[in-house]
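> Sharing a model prediction with you, sequence too.
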Amino acid sequence: MQCPYCQHSDSRVLESRSTEGGESIRRRRECLKCKHRFTTYERIEFVPITVIKRDGKRESFNPSKILRGIFRACEKTGISQNRLETLVDDIEACIQQRPKREITTAEIGELVLGYLRQESEVAYIRFACVYRQFQGITDFIETLEQLQQQAPPCSNNQF
């Protein structure tokens, strides 16, 4: 496994644990050259998911894009990095369980919002602001009103 910091190819496994109900293995590793620690996941390879973007282009599903968006939305909310990684794992598992092998970015965005709503209303609003492309304060107010009126959605089986 190549170190993400120095690209050295030798590392040692410090800890391994089963995640996602035994469907993957999370490993903490340490680079033998620079001593930085990093996390890797070993998973069963699923049939690839195709994401249909707003402009109609298609690309392979990449959970790291979701993680980046969630990280930005959750900055300074006190939610741990491990919890955010678990959220992304749960979202990916939900998408993989779908019978269809294509999903739109709109469906992914709504799924992410459902999970974020359960974690933090602030993160929910931040993510919604970017994902729904808010144009002004009216968009914020409408979303806040919807957030107050709706009961938290069940994140499982949304699709």
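Looks like it came in fine.

> Quick check: the most centrally placed residue in the chain vs residue 52, distance?
Centroid-nearest residue in the chain, with C-alpha atoms, centre = their mean: residue 88, separated by 2.9 Å. Taking C-beta to C-beta, to the nearest Å as the measure, residue 88 falls 20 Å from residue 52. Backbone N, C-alpha and C define where each C-beta goes, glycine included.

> And for residue 115?
According to C-beta to C-beta, residue 115 and residue 52 sit 21 Å apart.

> what are the ranges of the helices in this protein?
Here the chain has its helices, by DSSP state H, at 63-73, 81-96, 105-119, 121-131, 137-149.

> now the angle from the longest one to helix 105-119?
Counting by axes from the mean of the first three to the mean of the last three C-alpha atoms, to 10 degrees, helix 81-96 points 140 degrees away from the direction of helix 105-119.

> Out of all residues in this structure, which is the farthest from the middle?
residue 33 (30.1 Å).

> For it, give me its contacts.
Under the criterion of C-beta atoms under 8 Å, 6 or more residues apart in numbering, the neighbours of residue 33 are 3, 6, 8, 10.

> List only buried entries from the residues you listed.
The neighbour-count criterion (16 or more other C-beta atoms under 10 Å) marks residue 3 among those as buried.
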